[in-house]
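Peer 1: Here is a sequence together with a model predicted from it:
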Amino acid sequence: MMKYFHRQVQLWGEDVQLSLQNKKIAIIGCGGLGSSLAFALGASGIGEIHLIDFDEVSVHNIHRQIAFKTGDEDKKKCDVVAKVVEERCPFVKAVPHDCDFETFSLKGVEVDLIIDGTDNLPTRAKINEYSKKVNTPWLYGSVEAWNGQVCFFEKASFDVFKISNKTPAGIAAPIVMHIASLQANLALRYLAGLTIKKDYLYYLFFNDEGELVTQKFGLPTT
């Protein structure tokens, strides 16, 4: 196993790498963010990954959802992602859940971290409510057009966001992978016991000159 994770072991040693085998996470949504998160964290050695999604692969998903290829249409997203993650890394157990988040939350699965890979505010509000109930932190991520947001929620509440039915703009594939990468880095650092900045919203966007701008906002805590 240490040969597989050689470059990571150089970062933090064998003991930390072995500790990741005991970590469990839940990724809510297996689309653009979710499939990229599963790839990154599965290949990093997280021991158990629960993948929650009731949707099926459609042709319009494939350009920005890296787990899928042409020919996967009409297959369950959670099943496809679980299979690919386990094929890429033999040291991870990927568990698909063909259901919505509310149904998953009733199963009593205990995890160390919940990661948002959804695409709507109402579901994220439910994730926030559940995470507070079970005292488990969660990682928020969202993308639209050329911008995205990331936040590690521990004490802050998602109530600072207004729940709306705003029609989203289009999405560029690279920004999806970029935001998922930031989420995955925060998740990996947290699970490895490294320091991270919690309850801060990171907002990233490309301005009219094509410059990548990053802003950070502290969120009120409860």
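Peer 2: Great, that's in hand.

Peer 1: make it CA atoms for all contacts and neighbour counts henceforth
Peer 2: OK.

Peer 1: what sits up against the longest helix anywhere in the chain?
Peer 2: Identified as the longest helix of the chain according to DSSP state H is helix 173-191. With Cα atoms under 8 Å, 6 or more residues apart in numbering as the test, helix 173-191 has contacts from 20, 23, 32-34, 36-37, 40-41, 44, 63-65, 112-113, 115, 139-143, 145-152, 195-196.

Peer 1: quick one, helices of the protein?
Peer 2: Under DSSP H, the chain gives helices at 6-20, 32-42, 77-88, 101-105, 121-134, 173-191.

Peer 1: With just CA atoms, put the fifth one into PDB.
Peer 2: Coordinates of each C-alpha in helix 121-134 appear next as PDB, following Å, rounded to 0.1, in the frame of the first residue of the first chain:
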ATOM      1  CA  LEU A 121     -29.800  25.100  -2.100                       C
ATOM      2  CA  PRO A 122     -32.700  23.300  -0.400                       C
ATOM      3  CA  THR A 123     -30.800  20.000  -0.300                       C
ATOM      4  CA  ARG A 124     -27.700  21.800   1.100                       C
ATOM      5  CA  ALA A 125     -29.900  23.300   3.800                       C
ATOM      6  CA  LYS A 126     -31.000  19.800   4.700                       C
ATOM      7  CA  ILE A 127     -27.400  18.600   4.800                       C
ATOM      8  CA  ASN A 128     -26.600  21.500   7.100                       C
ATOM      9  CA  GLU A 129     -29.500  20.700   9.400                       C
ATOM     10  CA  TYR A 130     -28.500  17.000   9.500                       C
ATOM     11  CA  SER A 131     -24.800  17.700  10.100                       C
ATOM     12  CA  LYS A 132     -25.700  19.900  13.100                       C
ATOM     13  CA  LYS A 133     -27.900  17.100  14.500                       C
ATOM     14  CA  VAL A 134     -25.200  14.400  14.300                       C
END
